[in-house]
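**Q** what's the 3D shape of this:
(one chain, ligands or ions: 1)
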Amino acid sequence: MHTVLVKRTASAFQTMIKTRPKQRSNKVIARLRNHAEGSSTKFVEALSHRMIQALGRTEPPFQTEAFEYATLAGAKVIEADIASAGLMSVFNGRILIEVNRNDTPERKSYTVCHEVGHIELRRAAKLLAASTNRKAYRGRIVNEVSSRAEERMADQFAANLLMPEEVFREKAKPLEPSLENAISLARMFRTSLGATLRRIVSLGVWDCVMIWCTPEKMKGDDEWAVKIQEFKSSMPGGGLSYPRHKYVWWGGKAVHKAFVSDLVVKEMLVIDDKNWRFEGRREWHYVRSVGRQNRVMAILVPAVAS
Ligand SMILES: [Zn+2]
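**A** Residues are numbered from 1 along each chain as shown. A predicted model of the protein is given here:
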């Protein structure tokens, strides 16, 4: 399927109907609770596995710019000027996925899979069909109103579709933990660096910590603190503990250096008497109603002092 560029006009979606989205989206989770009993992760795995099988690919990339997974889900993808990464809607009985046209191809691909996750979850909950048949629901299903649990499941779904566990492990395991290797995995799987690092850490393929952060200038002198936006560790109990506050005092200079550079910045850091290899690169992030914001995506790998 090819995508078409559309400029969002006020008239296009004026038939928007106000439903009680909160209630409805909680219904998705409520209805799935029985299936997902015990582990929603297992349920999402089974659901996404079926789709990977249907796709029939065994080597990355699992999705190209043709958005194969959307086709499998029976959805049409359009690129639009929207204030978020993506939107899913059912319009006149057709499922539409809108992706932010300003995003990179990798992010668009992830967004499509995230929305496909919503579609499949709602299908499994038998709520999507109902919504297309009833006039009252012939409006938009705007995804930001779905519950957090559903969002988490849609994210897991997207990670599974684009980086199926077995294949991803096989490709990532032999590689040395480094940002460069994460970048080449991202290229191989056609995923963003952030999504790739999250997958590495959540599957525990490498022993490392990923941080998504910004440098914060301290008043008066040339000191930098680090504001942590996201912190994920694959090292159980070992090494670095999750910062209790959003700010940490280590790595400020390195994070700042990466923030103002186009290159991967590497530095050795001592944190709580332990040695770490810091590797970071600037990545932008889409913030609602603000637009693009730069952050630093970094990994910390335990190191032996030289
Ligand atoms: Zn969502």
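
**Q** Poorly predicted segments of the stretch 51-200 of the chain, please.
**A** 128-146 (pLDDT under 70).

**Q** what's the answer for the stretch 201-306 of the chain, then?
**A** 238-239, 305-306.

**Q** Look through it and state the residue closest to the ion.
**A** When scored by CB to the ion, the stretch 201-306 of the chain has Arg288 as its residue closest to the ion, at 12.8 Å. C-beta coordinates here come from the backbone N, C-alpha and C atoms, glycine included.

**Q** Can you get me a residue count around that residue?
**A** Residues near Arg288, counting by other CB atoms under 10 Å, number 9.

**Q** And Ser234, by the same measure?
**A** 17.

**Q** which ones are touching it?
**A** Ile200, Val201, Ser202, Leu203, Gly204, Val205, Trp206, Asp207, Cys208, Val209 (CB atoms under 8 Å, 6 or more residues apart in numbering).

**Q** so where do the helices sit in the stretch 151-300 of the chain?
**A** 165-172, 179-189, 193-203, 252-259 (DSSP state H, counting those that start in this stretch).

**Q** Could I get the CA-only coordinates of the second one as PDB?
**A** Spelled out, that is helix 179-189. C-alpha atoms of helix 179-189 as PDB (Å, rounded to 0.1, in the frame of the first residue of the first chain):
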ATOM      1  CA  LEU A 179      25.700   2.900  20.600                       C
ATOM      2  CA  GLU A 180      27.200   2.300  17.100                       C
ATOM      3  CA  ASN A 181      26.000  -1.300  17.200                       C
ATOM      4  CA  ALA A 182      22.600  -0.200  18.400                       C
ATOM      5  CA  ILE A 183      22.500   2.200  15.400                       C
ATOM      6  CA  SER A 184      23.400  -0.600  13.000                       C
ATOM      7  CA  LEU A 185      20.700  -2.800  14.500                       C
ATOM      8  CA  ALA A 186      18.300   0.100  14.100                       C
ATOM      9  CA  ARG A 187      19.300   0.400  10.400                       C
ATOM     10  CA  MET A 188      18.900  -3.400  10.000                       C
ATOM     11  CA  PHE A 189      15.400  -3.500  11.500                       C
END
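
**Q** For the protein, identify the residue most remote from the centre.
**A** Gly220 (37.1 Å; CA atoms, centre = their mean).

**Q** distance of it from Leu96?
**A** Taking CB to CB, to the nearest Å as the measure, Gly220 falls 52 Å from Leu96.

**Q** Ok, Lys227 next?
**A** For Lys227, the distance to Leu96 - CB to CB - is 36 Å.

**Q** So the two - more neighbours on which side?
**A** Counted by other CB under 10 Å, Lys227 and Leu96 do not tie: Leu96 has more neighbours, with 20 against 16.

**Q** Would you mark the buried spots in stretch 203-214?
**A** Neighbour-count burial for stretch 203-214, counted by 16 or more other CB atoms under 10 Å, picks out Leu203, Val205, Trp206, Cys208, Val209, Met210, Ile211, Trp212, Cys213, Thr214.

**Q** er, stretch 173-187 I mean
**A** Applying 16+ other CB under 10 Å to stretch 173-187 flags Pro177, Ser178, Leu179, Asn181, Ala182, Ile183, Leu185, Ala186 as buried.

**Q** again, but for stretch 189-203
**A** Buried residues in stretch 189-203 (16+ other CB under 10 Å): 189-201, 203.

**Q** and which of those is nearest the ion?
**A** Ala195 (14.2 Å).

**Q** residue closest to the middle of this structure?
**A** Ala195 (5.1 Å).

**Q** Quickly check the contacts of Ser234 for the two that are furthest apart.
**A** Pairwise distances across those peak at 14.6 Å for Leu203 and Val209 (criterion: CB to CB).
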